[in-house]
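# Structure, please.
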Amino acid sequence: MPAFTEGQEERIQQAVRTRVEEYVSQGRDVAFSLVASTPDNRDHIVRIGTSILCTRWGVGYPGGSFAQAIVDNNLSEAFGRADEINVNAIRFYVTLLYNQSYVS
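Okay, the predicted model is just below:
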């Protein structure tokens, strides 16, 4: 995978953080909103979301098995690899994956 350009990882993290805020404010996914209500969980979601986007775009470090399952659209693998936070965030990650444009 190619290395990040200068500041790219931080820009991707900020884009994911913004998407999390937008998703919570829509109020359509109660389970996600509850999980994302604590700062530690929200940071975890941002880190995993960043990993998913980087895996999809082939930049930086390759994501783990959960991130790869999301990118591969492998639902059973994603649920099998998800921790207690990510099991409630899969819908968000799929939405992120298909709605976030490339961040250079």
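
# for this protein, what spans make up the helices?
Taking DSSP state H to define them, one finds helices in the chain at 8-26, 30-35, 39-57, 65-71, 75-81, 90-99.

# same for the fourth one, what does it pack against?
Pointing back at helix 65-71 there. helix 39-57, helix 75-81, helix 90-99 (3 or more Cβ pairs under 8 Å, 6 or more residues apart in numbering; DSSP states H and E). In this view, the C-beta of every residue, glycine as well, is placed from N, C-alpha and C.

# same for the last one, what does it pack against?
Translated: helix 90-99. Helix 90-99 sits against helix 8-26, helix 39-57, helix 65-71, helix 75-81, with contacts defined as 3+ Cβ pairs under 8 Å, 6+ apart.

# Of those helices, which stretch is the most buried?
Highest mean neighbour count among the helices and strands packed on helix 90-99 (mean count of other Cβ atoms under 10 Å): helix 65-71, with a mean of 21.

# Can you list the neighbours in contact with that helix?
When contacts are defined by Cβ atoms under 8 Å, 6 or more residues apart in numbering, helix 65-71 is touched by residues 48, 51-52, 55-56, 62-63, 77-78, 80-83, 86, 90, 93-94, 97.
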